[in-house]
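A.B. asks: Compute the structure for the input listed below.
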Amino acid sequence: MATRLKTKATAVVPQTQTDCAADIKRIGDLQRQFERLRADMNDQIGAITKQAQPQLEALHTEVLALQDGVQRYCEAHRAELCGKGKTANLITGEVSWRQRPPSVSIRGAEAVLETLLRMGLGRFVRVKQEPNKEAMLNEPEALKGIAGISITTGVEDFIITPFEATAEVPA
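C.D. replies: Numbers count the residues shown, from 1 in each chain. Next comes the predicted model:
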């Protein structure tokens, strides 16, 4: 059994402001190299996809035609294939019929809500209660001592933004 070793990147701490500036430049260089490599990879994926697309479409069309034929045959011969069951084993595979569970679809949810409430069918309307975090941030003193609530303030993020020139293509 192989043992997997985890190694963490060891930080090299710059010793001077010049070293720090050089490291930020290196971060920018590495980020741009990363993005170029990602763009090249995506270009290759795009080319491969474009090349394979006609074959994929032809195979998909053939599969759909075969599925339609198999379904038509099985529908016509369901009783002899399944008897009283819902599945038939045909040596190279099986076919089955399954009843989907009931589902509800709603278009125009606001109008549906208004209609349900107007008709006295409020039992079909869900009222969601949840803590109001915005109000809590406005009155943090009122929440002191309540278990499960903590308000975090003063968190500072450290962000490194290497300088880059931007170019725009005129429209």
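A.B. asks: can you pull out the strands in the chain?
C.D. replies: 87-89, 94-96 (DSSP state E).
A.B. asks: Tabulate those strands (a markdown table), appending mean neighbour count and mean pLDDT.
C.D. replies: All C-beta atoms are positioned from the backbone trio N, CA, C, and that covers glycine. Putting these into a markdown table (neighbours: other Cβ atoms under 10 Å; pLDDT from 0 to 100) gives the following:
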| stretch | mean neighbour count | mean pLDDT |
| --- | --- | --- |
| strand 87-89 | 13 | 90 |
| strand 94-96 | 13 | 93 |
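A.B. asks: Contact partners for Phe163?
C.D. replies: Gly28 (Cβ atoms under 8 Å, 6 or more residues apart in numbering).
A.B. asks: Can you check which of the strands of the chain gets nearest to Ala47?
C.D. replies: Ala47 sits nearest to strand 94-96 of all those, at 38.7 Å, using Cβ to Cβ.
A.B. asks: follow-up on the earlier one: which one of the strands of the chain lies closest to Asp43?
C.D. replies: By Cβ to Cβ (comparing all of the strands of the chain), the closest turns out to be strand 94-96, at 42.5 Å.
A.B. asks: Tell me which strands the closest one pairs with, and in which orientation.
C.D. replies: Paired with strand 94-96 in the same sheet, following DSSP bridges, are strand 87-89 (antiparallel).
A.B. asks: any idea how far the strand it pairs with is from the chain center?
C.D. replies: Centroid displacement of strand 87-89 relative to its chain, using Cα atoms, centre = their mean, to the nearest Å, is 35 Å.
A.B. asks: Excluding its own residues, what touches that strand? List them.
C.D. replies: Contacts of strand 87-89 (Cβ under 8 Å, 6+ apart): 74, 81-82, 94-97.
A.B. asks: Could you find which two of those residues are furthest from each other?
C.D. replies: Longest span within the contacts of strand 87-89, Cβ to Cβ: Glu94 and Trp97, 11.1 Å.
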